[in-house]
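Q: With the input below, show me the fold.
(2 chains)
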Protein chains: 2
Amino acid sequence: MDAATLTRTAEDEIGALIDQWREATLARDIDRVMACYAPDVLAFDAIGALQFKGRDAYRQHWQACFSQMQGAMTFEISELQITTSQDLAVFHYIARCGGTCDGEEKSGWMRVTGCCRRTRGPWRIVHEHFSSPFDPMTGQVLNVGPA
Amino acid sequence: MDAATLTRTAEDEIGALIDQWREATLARDIDRVMACYAPDVLAFDAIGALQFKGRDAYRQHWQACFSQMQGAMTFEISELQITTSQDLAVFHYIARCGGTCDGEEKSGWMRVTGCCRRTRGPWRIVHEHFSSPFDPMTGQVLNVGPA
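A: Residues are numbered from 1 along each chain as shown, chains lettered A, B, ... in the order given. Take a look at the predicted model:
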């Protein structure tokens, strides 16, 4: 394959990994979610702690999150951009997500950045960063969509 | 140069770019800060808006931030990791930052992820993501350090 074809193939593979992650998340399938991550993943999640080191620690956090959410969840990805170079890939997107947490309907906009590597096997997420912006005056999360 | 030397050189260059960015930020030198970014940078900043598209929009946001901060600022980087592949690089770290905003001393922990590219010139930041985690029950930012 030529370089352009290799790049398109890698971008398609990262897109498929993101699709797999999203479907597994909405299905609350913890094993399929965790299969997207490298064992040494370093995660900056939007809630709960500054960082999570390694798939085992991150799995515990995910299980706690799933246990707090009831009913159907939504997770709509937009403005996805993927950049690849050999065995390194970066993606980012914004997402509108919603669900029911402790009986209360919640929804909001998130920003997501991920980094993937491929080492003698399929692509895996080695780093990810989820967040919402906040108001520095009040310390309160801003529930704002794209301008 | 062999592949290992090229990788070390790229990592050193990204480290130098992060140093330049940090020094320029602490000096409130908007031109030197902006010189670190590609013209089409897509930024997820910790405060104010979901995203900033392009260096001009991001510069306006930076100027507004600088105008709200008085006195000395601190920005201590730890746990920096850099990964490079050819002309693509990813870095992430946690940072303890502080300053005086509207007469009030503020300090907190942030997570930072960045993506850099090199196209016929020096490395530039094409994407970055700053955030602090929040409590999903209250919507309030969590001021927590590394575990």
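Q: Could you pull out the helices in chain A for me?
A: Assigned by DSSP state H, the helices in chain A fall at A:3-26, A:30-34, A:55-68.
Q: TSV for those helices, including distance to chain B?
A: In this view, the C-beta of every residue, glycine as well, is placed from N, C-alpha and C. Putting the helices of chain A into TSV (distance: least, CB to the nearest CB, whole Å) gives the following:
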stretch	distance to chain B
helix A:3-26	11
helix A:30-34	18
helix A:55-68	8
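Q: angle of the lengthiest strand in chain A against helix A:55-68?
A: In chain A, assigned by DSSP state E, the strand with the most residues is strand A:69-85. Counting by axes from the mean of the first three to the mean of the last three CA atoms, to 10 degrees, strand A:69-85 lies at 140 degrees to helix A:55-68.
Q: Just the buried positions in strand A:69-85, please.
A: Neighbour-count burial for strand A:69-85 flags A:M73, A:F75, A:I77, A:I82, A:T83, A:T84, A:S85 (criterion: 16 or more other CB atoms under 10 Å in any protein chain shown).
Q: Give me the neighbour count for the closest residue to the fifth one other than its chain neighbours.
A: Meaning A:T83. Among residues not flanking A:T83 along the chain, A:V90 sits closest, at 5.0 Å (CB to CB, 6 or more residues apart in numbering or on different chains). The local packing of A:V90 (other CB atoms under 10 Å in any protein chain shown) involves 26 other residues.
Q: quick one: contacts for A:V90?
A: A:I82, A:T83, A:T84, A:T113, A:G114, A:C115, A:C116, B:L88, B:V90, B:C115, B:H127 (CB atoms under 8 Å, 6 or more residues apart in numbering or on different chains).
Q: mind listing what the third one touches?
A: What it means is A:T84. So A:T84 contacts A:T7, A:A10, A:E11, A:I14, A:V90, B:L88 (CB under 8 Å, 6+ apart).
Q: now it, nearest residue through space, not along the chain?
A: Spatial nearest neighbour of A:T84, excluding adjacent residues (CB to CB, 6+ apart): A:A10 at 4.0 Å.
Q: coming back round to it: let's test this: mean pLDDT of the longest strand of chain A, rounded?
A: Here strand A:69-85 scores 93 as its mean pLDDT.
Q: Partner strands of that strand, with direction?
A: Sheet pairing of strand A:69-85 (DSSP bridges) gives strand A:88-101 (antiparallel).
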